[in-house]
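A.B. asks: next come a sequence and a model predicted from it.
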Amino acid sequence: ILVISKETDHFFSRTALMYIYMGHMRFEDTKPYEDWFWEKNRINLHKGEVTRIDFDSRSLTIELRNDDGSLSEEEIAYDRLIMATGSRTRKFGWPGQDLKNVQGLYSYQDLLSLESVSSRIDHAVIVGGGLIGIELAEMLHSRNKKVSILVREENYWDNVLPPDEARMINDQIRRNHINLHLLTDLEEIIGDDHGRVSGVRTKDGNEIPCQFVGLTAGVQPNIGWLDPNSPLETDIGILVDSFLKTNLDDVYAIGDCAQLRHPPSGHQAIEAVWYTGRIMGETVAHTLTGHPVRYNPGPWFNSAKFINLEYQTYGVVPNRILPPYDSIY
């Protein structure tokens, strides 16, 4: 087994990135396995970026950074390939979205980037009302930064939360002195003469000065680097069957980058949450060790934390009460 990643030397818990920034954990505390675990279990780790896949010759081209800073390429053959390339921050073509100090929060590199500019942040603007947005707001707030969140909906996360719960989260955010701008759309990110963000302009014409913009209006499968002319079938993500197999022999996709052709009842074709990714990994492991099983994530489950309010949901809980139901308890 060979694991290739450009992000870090060892696997870590991505959902714990916020706790590193807030000082609750060190990076080494987020690694579920000791560093010696991998070699002991005959799992080889290779740090580099896969830039090209030749599915016909079953080979990967990997870009490596040498000690002197130069780049070199290496080719590695595979017998069976599991693609687990995750997500990337979704952007919507806003003017200024590529300015300095504008970023998402998904990778370890995003955390390092945020850390490197934090001392220069007085006011941060978060765009988007999802889970990563509230985490980023809490992180910055923990360092006494002024934080504003722009949410285009009527309430925070009300495409998921029922109205009463969404309003409760609104109150919780404001009670912690975080500015919540509802029914607010981003129009433009404004830059200074040095290419750094200096503020945002909303569609209602309001300007908010800031030194950092967090783009947290969702994520999308990280497949943009793939050759569009390759034989691998993709849509929004990499298309897979119920065994998580692609249209190519011995090529599988799991996690955030996988898009199920026929998702199980109660599930979406793409579910970018950690527990479904873990179950997908277990499913493919059964298949590759000679005991094929279909992907079965069971009832939908998710958990979140809104500052100091914890939230869990089990099963399909709609954001509006529709017949035949009268209430959600």
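C.D. replies: Arrived safely, thanks for sending.
A.B. asks: so where do the helices sit in the stretch 201-329 of the chain?
C.D. replies: With DSSP state H, counting those that start in this stretch as the criterion, the stretch 201-329 of the chain has helices at 274-288.
A.B. asks: so where do the strands sit in it?
C.D. replies: Ranges of strands within the stretch 201-329 of the chain are 207-209, 212-215, 219-221, 238-240, 251-253, 258-260, 301-306, 309-314, based on DSSP state E, counting those that start in this stretch.
A.B. asks: what distance separates the start and the end of stretch 196-210?
C.D. replies: By CA to CA, to the nearest Å, the extent of stretch 196-210 from end to end equals 10 Å.
A.B. asks: now do the contacts for His194.
C.D. replies: Lys100 (CB atoms under 8 Å, 6 or more residues apart in numbering). Heads up, the C-betas are built off the backbone N, CA and C, glycines and all.
A.B. asks: for it, grab phi and psi.
C.D. replies: Main-chain dihedrals, His194, degrees, to the nearest 10: phi -100, psi 10.
A.B. asks: can you check Asp110 too?
C.D. replies: phi -60, psi -40.
A.B. asks: I figured it was touching Gly104, is that so?
C.D. replies: Yes: counting by CB atoms under 8 Å, Asp110 touches Gly104, with 6.0 Å between them.
A.B. asks: between the two, point out the one with more neighbours.
C.D. replies: The residue with more neighbours, out of Asp110 and Gly104, is Gly104; 24 against 17, by other CB atoms under 10 Å.
A.B. asks: my guess is that one contacts Ile132. True?
C.D. replies: Yes: contact criterion CB under 8 Å: Gly104 and Ile132 qualify, at 7.2 Å.
A.B. asks: touching both of the two, which residues are there?
C.D. replies: Joint contacts of Gly104 and Ile132 (CB under 8 Å, 6+ apart) are 216, 219.
A.B. asks: hmm, back to that, winner for burial among the strands of the stretch 201-329 of the chain?
C.D. replies: Neighbour counts (mean count of other CB atoms under 10 Å) averaged over each of those peak at strand 212-215, with a mean of 25.
A.B. asks: need the mean per-residue confidence for that strand.
C.D. replies: The average of the pLDDT scores along strand 212-215 is 97.
A.B. asks: next one: that strand to chain centre, how far?
C.D. replies: 15 Å (CA atoms, centre = their mean, to the nearest Å).
A.B. asks: same question, stretch 68-81
C.D. replies: 25 Å.
A.B. asks: show residues contacting that stretch.
C.D. replies: Contacts for stretch 68-81 (CB under 8 Å, 6+ apart): 2, 4, 46, 48, 51, 53, 57-66, 250-252, 288.
A.B. asks: residues touching Trp38, list them.
C.D. replies: Neighbours of Trp38 in contact, by CB under 8 Å, 6+ apart: 3, 10, 44-45.
A.B. asks: show me where pLDDT drops low in this protein?
C.D. replies: Within the chain, the ranges that satisfy pLDDT under 70 run 328-329.
A.B. asks: just to revisit the earlier point, mind putting the contacts of Trp38 into a markdown table with secondary structure, distance to Glu233 and neighbour count?
C.D. replies: Shown next, in a markdown table, are the contacts of Trp38 (DSSP: H, G, I helix; E, B strand; the rest coil; distance: CB to CB, whole Å; neighbours: other CB atoms under 10 Å):
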| residue | secondary structure | distance to Glu233 | neighbour count |
| --- | --- | --- | --- |
| Val3 | strand | 24 | 14 |
| His10 | coil | 32 | 19 |
| Asn44 | strand | 29 | 10 |
| Leu45 | strand | 29 | 16 |
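A.B. asks: for Cys19, grab phi and psi.
C.D. replies: Rather than Cys, residue 19 is Tyr. phi -70, psi -30.
A.B. asks: skipping adjacent residues, who's closest to it in space?
C.D. replies: Met25 (4.3 Å; CB to CB, 6 or more residues apart in numbering).
A.B. asks: same deal with Met22?
C.D. replies: Ser142 (4.7 Å).
A.B. asks: who touches the one you found in this structure?
C.D. replies: 21-23.
A.B. asks: can you show me the helices along the stretch 51-200 of the chain?
C.D. replies: 108-117, 131-142, 163-175.
A.B. asks: hey, what's Leu71 bridged with?
C.D. replies: For Leu71, the beta-bridge partners are Arg65 (DSSP bridges).
A.B. asks: tally of neighbours for it?
C.D. replies: By other CB under 10 Å, neighbour count at Leu71 equals 9.
A.B. asks: what do you get for Pro231?
C.D. replies: 11.
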